[in-house]
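*Asks:* Next one to model:
(chains A and B)
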Number of protein chains: 2
Amino acid sequence: MPRPPEMIEITPTAAVSNDRHGNRAKCLQRLIRLDLPVPLSVALSFDTVRNLAKGNLPDLNALTAIFEDGDLLSVRSSSQAADWGGPGAILNIGMNDAIAERIAEEHGKDASDALYLSFIRTYAVDVLRLDEDLFDGPMTPRIALAHFEDEMEEPFPQDITTQLTEVLRSMARAWEGTSARLLRQAQGAPADAGLGLVVQRMALTVGAGEAGAGVVQFVSTETGEPQVTGRYVPHGLGRVDVSEADAQFIETDPRGPALQDRCPEVVTALKAAGELIRTRLREEMQIEFTLMDCHLAVLDAVKVPRSARAEVRIQVDLAEAGVISREEALMRIPPLTLNQLMHRQINPEAERDILAVGVAAAPGAAKGQIVFSAAAAQACAAQDIPCILVRRETSPEDVRGMHAADAIVTERGGMTSHAAVIARGLGVPCVAGANTLQLSMRKKTLTMPGRKVFHEGDIISVDGTSGQILAGAADMIEPAMGGAFAKLLSWADDARDIGIRANADTPEDARLAQRFGVDGIGLCRTEHMFFDPIRLTVMREMIFADNPGDRAAVLERLLPMQRADFIELFGMMKGQPVCIRLFDPPLHEFLPGDRDGIRALAEALDLPASRVSARIENLQQFNPMLGLRGVRLGITMPEIYEMQARAIFEATVEASRDGDPIVPEIMIPLVSAKREVELIKDSIDAVAASVRNESGQEFTFRLGVMVETPRAALRAGEIAEHSAFLSFGTNDLTQMTYGLSRDDAGRFMSAYVNQGVFVEDPFQRMDLDGVGELLLLGAERGRAVSPGITLSICGEHGGDPDSIAFSRSAGFTYVSCSPFRVPVAKLAAAQLAISDILST
Amino acid sequence: MPRPPEMIEITPTAAVSNDRHGNRAKCLQRLIRLDLPVPLSVALSFDTVRNLAKGNLPDLNALTAIFEDGDLLSVRSSSQAADWGGPGAILNIGMNDAIAERIAEEHGKDASDALYLSFIRTYAVDVLRLDEDLFDGPMTPRIALAHFEDEMEEPFPQDITTQLTEVLRSMARAWEGTSARLLRQAQGAPADAGLGLVVQRMALTVGAGEAGAGVVQFVSTETGEPQVTGRYVPHGLGRVDVSEADAQFIETDPRGPALQDRCPEVVTALKAAGELIRTRLREEMQIEFTLMDCHLAVLDAVKVPRSARAEVRIQVDLAEAGVISREEALMRIPPLTLNQLMHRQINPEAERDILAVGVAAAPGAAKGQIVFSAAAAQACAAQDIPCILVRRETSPEDVRGMHAADAIVTERGGMTSHAAVIARGLGVPCVAGANTLQLSMRKKTLTMPGRKVFHEGDIISVDGTSGQILAGAADMIEPAMGGAFAKLLSWADDARDIGIRANADTPEDARLAQRFGVDGIGLCRTEHMFFDPIRLTVMREMIFADNPGDRAAVLERLLPMQRADFIELFGMMKGQPVCIRLFDPPLHEFLPGDRDGIRALAEALDLPASRVSARIENLQQFNPMLGLRGVRLGITMPEIYEMQARAIFEATVEASRDGDPIVPEIMIPLVSAKREVELIKDSIDAVAASVRNESGQEFTFRLGVMVETPRAALRAGEIAEHSAFLSFGTNDLTQMTYGLSRDDAGRFMSAYVNQGVFVEDPFQRMDLDGVGELLLLGAERGRAVSPGITLSICGEHGGDPDSIAFSRSAGFTYVSCSPFRVPVAKLAAAQLAISDILST
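*Replies:* Below you'll find the predicted structure:
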């Protein structure tokens, strides 16, 4: 009788495919092709299961005919991708009075009863959805069968076809359920994803000989290191439902005998199977097996579950062993995976006692004592006590304390608040705008509705990756940037064809960037150099200067500090390009926000506090992002940029003395009109001429524009006339294109993304339709005027794989991103280059 | 001897042109063509004068040869446009000992001495730039000549050629001077504007017969009404330098005899000349004349100087008299001129005692008592006492007081501050951000550095057109929107081919718009309906509602008020389109800003003040313009838009009962993504269906989008799929395209415009390059998807002639502007249409 096409016996040559039968069916075929002892298996296609859900049964007689009479069967789900889920396996289908009797005869009543009882329960509860408590109390198969019959008003089915019908129908329906659908769609499954099923002959694991079931894998789930790991549950004792605690280890078990001691030949066979799978299926797989009289059956194999760190190690090892190519290793790792390797993480397995959730403002995790002031944070750091700095919001005076803290929490502010920007720069985890916290700076307490009051010194944990603040000391996973990671990055460097620079504001940042091996610095925000307390005081004096002359005199004192910064930066970058953005933020950011700070400043400047307050109030802006900052400050207070240009050029002269000449890149922020560029260019050219003259040394530099207003993108043609490069600042450009302040978007962004108003948060993932079009227009117009102009992205999107793909296809020279994002960017760039080669 | 081409005798057929000889020369030719008694005149071309400035003299012998020996000559400047200025006239050139003697013989020594002495002084001081005090003390020609010779170490030149040489050279050089250049460039003259000179035979005005000089015009400079005005200075008394006080009137003079009494035939001749000039030169001209023995000479004629009001009256009268066409009348009036007719103005002639200058936030002028609170303003209004409301900044509680005040002054804020927006809407003059004022609300005083302290009740004047605050009661000019003005507008309506709508937020605004005859309302900002105290309280209750249900319940109470607004609005607009923008501003704008307000609100809501403060603080945004407002509020708090839609539809049903069906237009603000439009559309469609169902009455409506983010312009194609119209909100679009907050731009805009960084303030004049490109892109993309889509501009640029030209050429259906801007817009639109017809 010809087998109906809806079911197919899995043989080495059968037409089994991932897209029609799912990945488990396909994997079983692969194992069979490797001559591994896989029990007879039949695959049911997606279509068959879809029909099943609609009530159209396949020909089950044909199905059972493939097996032998009296075989017990299992049914397992087989979705297209392993992580799309599917209903749990149902075992021992076909169990009935007759078979129970036969097993009792062959292997004893205990083994038979355990097996039968287990199946009755499973069938009643998991398949027919009866209440679990139906089987409460002391049970035997006979009692269970009676309970079943009472409940169902019909006897327990003895017929395998009936049992199989219900099992298959139940699994098919479960797949169509709403929650299963949502879960798999969250994993990226399409709406019409299909489910295949695999019907497999059970390998009996009862009896007097060595019999049991287990799983084994040959690398560590945590680290990816080679290591035989697994568990084996002997069933031979006459019990089937052996608990996990009774599981034994594979090779050695400190608690007693291991599988190795019971069936050494099986362990040898498993190791051989593992090696075969690794080299032929080119992955590390976890093998599910059974034994019957030390006779091995391989039921299934799945990719070893693994941490991000293990994933990197496994793929690098496979490539090193020649099993896969380096390119394949690079392609197999989702770039964002690398994020988890670079910061401490809260163990995803650990319980979380969440106190509050704010904006995930800087990634990574930390635990430590609560402190409420920068001074307390510094005191903790001096004693090596981990601490979490909790503030209403941070201001420049807090920067040292922020540096000293292990994490930062603020009650107010969002992704571009002072706390968030500084924390990302420092690599310190930060949760901003956790506004359900009730913070009393006076009492030094932290209160959450319905929770105990937290005091200074109490321990909390902060997850800057998710925005959570947790009570107590959470379990942490340490970063792993060692061997395999470094190797992977070097392969990515070989493969990629677009530059990756880092945003680095201070010599410390630059050192970090160098650790990840960058192609230069794409964005050095010079204002961050002024948050050091000594400089901050000088900055403030400048802000309070009454006229350009006084201002210039104060700036004179900042000059040697800036020059020293740049000398150090140039030295550290060893001739790689460094793109320095001129001063950008509104001045009020440098002034204190509270009464104490105002008093201190009034004392420092020897001015009445009222004058200090008045000046601060006078500098407040309605929409500071769109106010007096960037090139607008550069033009209205030219002394600032002149000082910065001089510092850059003097550092260039100095740093070029002992090596190759440095060619600094100077970038003008917030440009919206060509004339802004012309004016700044004139002024900077004059400073350069004067430094050349004074030093008697020639040097060159490149002047460019940060394109971050829509108008600058639209007018890129005329702006390019005076620019060696255009670097798109996608943060501000996104804010202005959407008319959306990143700091305020938190109020509604999650509602917006949940309702699909925005497909994704445009600050997380670059908006290719709107912002992207402005980039393309800007690039095209810039190139039309100046074909050799350097183009790049330097917003926080710079490290996003999408943005890298975009930049690559737009022919940009490089992307620049935060140092911690560099590995992700490198891997993403490598994958794009490899994909291109593969597709041609 | 052939006359050199550089000088040309002005005859009816001579080749005299405006572009080569200037407007005075050309005008003289026209007067000559009219057979008016113009003395012999010679025009020197621009090139001649340019050469003169370089030291190359024309052939002066040839010039003097045109005149008779012993003629005295005058030289006057003749620039291309009358208002480009030029050096003052020099008279009586050629005066010397011999001529003085001859005049003494003929007309007496007094007349001769006066003439000669006057010329010596002019020549010495105005031509040779000698010190004026050289001629201090009692003077005769003899003494003056001696002083001259002492100073110059050479005798006073007796030769007319020498005198003429110096006069011409001096005038040519004066034209090249920096201050003259800047002055004329401010009037729109090009950098290379030329100066022509007119050399004219002097008509002697000495002697025993009736002799003298005067000017006359036949319309009022102030009002443009027909009226013989002028002055006549008799010189026959033997004095030349008669003071203005001795001037007589033309027809009658209450102080004594008028010219009419002395030489009635001259007055008749002058009137005839005026009539001839009006009909043949088609303008109202002021005639400069001299008499000698009642013998008339017409020396010159210039356009009657005139106020804006007079200009309108004159041109309308000329058209009504058939002298010019209506189109020509429309073309002759610069549209912005009309602005001055609609508001009270401070008399431009009056002295100004300026106390402070702020942002010119709402045009017009007023004077009145200082009051420091809205309540005081209302009290004044109740007694009909004009008052000026002075506040640090205004908030919704102040709106009634703002309505009652004659003008508003704030210490803080800019063009989009609450005070400014409300004041423009109310048509109340406003100066915002006058931050040099030191305001003490406690002491109720206003202090300016170096000035007396102003108290409540003291009188000040406010010029909202210039931003000035003046001490005392300034002299005012009243608005003039009567006959000629109305006629001009009706002619403009006939000529224009683009719609003009008004921005009108309340029924009062709509009434005002109707006075100017608009094509509908292009922007009704519904939030302004909520500032009435009763509604404000309800709004605040809504803001404090804890959940959507409570919010909806509070909104239920606003519904009948909104419905009543719309019924009134629809009724007033008599079926003309009304475009209603859904709620737009961030919620915090409805909350009080000071301690008193918070306490009052806490009492009203029966909540602890701390909770009120916390909510207010919680609603503060970092960049409110880019925050939670507009459609973002509409989506996160759908109850608000649902209430508004219901109010609109119920009003539609109601207002359509007694007449033609109303088709309201509903506009969604701050859209940046298509999905926003879809969500709001679904919700509004549902409300419409429900109102249709409840009322049993059909109606239609048009849903559209306010395009005010760059992204909405870029994505206009997909947004147009769901939009009946797109209206470009150029205020916000400009802010976002430049990354420039209008409220903060004041800090540097004047520096920017002065340095030419921005050619003009983009909030005053639309940026065609950047913002304009986004409009064109949006229009093109919108039309590609929906060819019949209605396009318009509704920002404050809507009334700007440039923007109207832009909108017309882009094929927009209408522009919408503030009611007070409608006349300007209509005239500008008419001029564009007429120009198009003329050029085809």
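
*Asks:* Who are the contact partners of the closest residue to chain B within the stretch 1-150 of chain A?
*Replies:* The nearest approach of the stretch 1-150 of chain A to chain B comes at A:Trp84, 27.0 Å away (Cβ to the nearest Cβ). C-betas here are computed from N, CA, C, even on glycine. The contact partners of A:Trp84, by Cβ atoms under 8 Å, 6 or more residues apart in numbering or on different chains, come to A:Arg184, A:Gln187, A:Ala189, A:Ala193.

*Asks:* Count the neighbours of the third one for me.
*Replies:* Around A:Ala189 sit 19 other residues, with neighbours defined as other Cβ atoms under 10 Å in any protein chain shown.

*Asks:* Surely it is within a helix?
*Replies:* No: with DSSP: H, G, I helix; E, B strand; the rest coil as the criterion, A:Ala189 is located in coil rather than a helix.

*Asks:* Quick check: pLDDT value at it.
*Replies:* Reading off the confidence values, A:Ala189 has pLDDT 88.

*Asks:* For A:Ile521, see how far away it is.
*Replies:* As judged by Cβ to Cβ, to the nearest Å, A:Ala189 and A:Ile521 stand 41 Å apart.

*Asks:* Likewise for A:Glu397?
*Replies:* Separation of A:Glu397 from A:Ile521 (Cβ to Cβ) stands at 27 Å.

*Asks:* Which of the three states applies to the nearest residue to A:Arg24 once chain neighbours are set aside?
*Replies:* In space, and not counting its chain neighbours, A:Arg24 is closest to A:Ser78: 3.6 Å by Cβ to Cβ, 6 or more residues apart in numbering or on different chains. Put simply, A:Ser78 is strand when judged by three-state DSSP.

*Asks:* ok, now which ones touch A:Ser78?
*Replies:* Shown in contact with A:Ser78 (Cβ under 8 Å, 6+ apart): A:His21, A:Gly22, A:Asn23, A:Arg24, A:Ala25, A:Lys26, A:Ala43, A:Gly86, A:Leu195, A:Gly196, A:Leu197, A:Val198.

*Asks:* Show me the strands in the stretch 701-840 of chain A, by range?
*Replies:* A:702-707, A:725-728, A:790-793, A:814-817 (DSSP state E, counting those that start in this stretch).

*Asks:* The stretch 101-250 of chain A too?
*Replies:* A:195-201, A:211-219, A:226-234.

*Asks:* so who does A:Ala329 touch?
*Replies:* Residues in contact with A:Ala329 (Cβ under 8 Å, 6+ apart) are A:Gln315, A:Val316, A:Leu318, A:Ala319, A:Leu488, A:Trp491.

*Asks:* The same query, at a cut-off of 10 Å, please.
*Replies:* A:Ala329 sits next to A:312, A:314-320, A:323, A:484, A:487-488, A:491-492 when contact means Cβ atoms under 10 Å, 6 or more residues apart in numbering or on different chains.

*Asks:* Please identify which pair of these lies farthest apart.
*Replies:* Distance extremes for the contacts of A:Ala329: the farthest pair is A:Val323 and A:Ala492 at 19.1 Å, using Cβ to Cβ.

*Asks:* out of these two, which sits in the busier spot?
*Replies:* Here A:Val323 and A:Ala492 are compared on neighbour count by other Cβ under 10 Å; more neighbours surround A:Ala492, at 28 against 18.

*Asks:* Mind checking what secondary structure the more buried one has?
*Replies:* Three-state call for A:Ala492 (three-state DSSP): helix.

*Asks:* With A:Thr652 instead?
*Replies:* Under three-state DSSP, the three-state class of A:Thr652 is helix.

*Asks:* One more: A:Met625?
*Replies:* Applying three-state DSSP: A:Met625 is helix.

*Asks:* ok, for it, nearest residue in space, not its chain neighbours?
*Replies:* The shortest distance from A:Met625 to any non-neighbouring residue, by Cβ to Cβ, 6+ apart, is to B:Asn623 (4.8 Å).

*Asks:* isn't the one you found right up against A:Asp732?
*Replies:* No: if you go by Cβ atoms under 10 Å, B:Asn623 and A:Asp732 don't touch, sitting 11.1 Å apart.

*Asks:* Residues that sit against both of these two, list them.
*Replies:* Residues touching both B:Asn623 and A:Asp732 (Cβ under 10 Å, 6+ apart) are A:Thr416, A:Met625, A:Leu626, A:Arg742.

*Asks:* What is the nearest of the residues you listed to chain B?
*Replies:* A:Leu626 (3.7 Å).

*Asks:* related to what we said a few turns ago, chain B: which of the strands of the stretch 101-250 of chain A is closest?
*Replies:* Checking the strands of the stretch 101-250 of chain A against chain B by Cβ to the nearest Cβ gives strand A:195-201 as the closest, at 31.5 Å.

*Asks:* With just CA atoms, put that closest one into CSV.
*Replies:* What follows is strand A:195-201, C-alpha atoms only, in CSV (Å, rounded to 0.1, in the frame of the first residue of the first chain):
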residue,chain,number,x,y,z
LEU,A,195,4.5,22.6,13.0
GLY,A,196,5.8,19.2,11.9
LEU,A,197,5.5,16.1,14.1
VAL,A,198,7.9,13.2,14.5
VAL,A,199,6.4,9.8,15.4
GLN,A,200,9.2,7.5,16.7
ARG,A,201,9.3,4.0,17.9
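
*Asks:* Buried ones in that strand, by neighbour count?
*Replies:* Judged by neighbour count using 16 or more other Cβ atoms under 10 Å in any protein chain shown, the buried positions of strand A:195-201 are A:Leu195, A:Gly196, A:Leu197, A:Val198, A:Val199, A:Gln200, A:Arg201.

*Asks:* For the longest helix anywhere in chain A, name the packing helices and strands.
*Replies:* In chain A, assigned by DSSP state H, the helix with the most residues is helix A:548-573. Packing partners of helix A:548-573 (3 or more Cβ pairs under 10 Å, 6 or more residues apart in numbering or on different chains; DSSP states H and E): helix A:507-515, strand A:521-525, helix A:533-544, strand A:578-581, helix A:638-656.

*Asks:* And the residue in the stretch 201-350 of chain A that chain B sits nearest to, what's its pLDDT?
*Replies:* Nearest residue of the stretch 201-350 of chain A to chain B, counting by Cβ to the nearest Cβ: A:Leu336, 24.7 Å away. On the pLDDT scale, A:Leu336 is placed at 84.

*Asks:* What is the burial count for whichever residue of the stretch 451-600 of chain A sits closest to chain B?
*Replies:* Nearest residue of the stretch 451-600 of chain A to chain B (Cβ to the nearest Cβ) works out as A:Pro586 at 8.7 Å. For A:Pro586, the neighbour count with other Cβ under 10 Å is 20.

*Asks:* A:Ala211 against A:Leu204, yeah?
*Replies:* Yes: applying Cβ under 10 Å as the test, A:Ala211 and A:Leu204 come out as touching, 7.5 Å apart.

*Asks:* quick one: which of those two has more around it?
*Replies:* Neighbour tally, A:Ala211 and A:Leu204, criterion other Cβ under 10 Å: the higher count belongs to A:Ala211, 23 against 19.

*Asks:* one step back: so for the longest helix of chain A, mean pLDDT?
*Replies:* Across helix A:548-573, pLDDT averages out at 92.

*Asks:* Enumerate the positions of it that are buried.
*Replies:* By 16+ other Cβ under 10 Å, the buried positions in helix A:548-573 come out as A:551-552, A:554-555, A:558, A:562-573.

*Asks:* what's the answer for stretch A:804-823, then?
*Replies:* Using 16+ other Cβ under 10 Å as the test for burial, stretch A:804-823 gives A:804-808, A:810, A:812-823.

*Asks:* I'd guessed A:Cys380 sits against A:Phe372; true?
*Replies:* No: the criterion here is Cβ under 10 Å, and A:Cys380 misses it with A:Phe372 at 11.6 Å.

*Asks:* Are there residues contacting both of these two? Which ones?
*Replies:* With contacts taken as Cβ under 10 Å, 6+ apart, A:Cys380 and A:Phe372 have A:Leu389 as neighbours in common.
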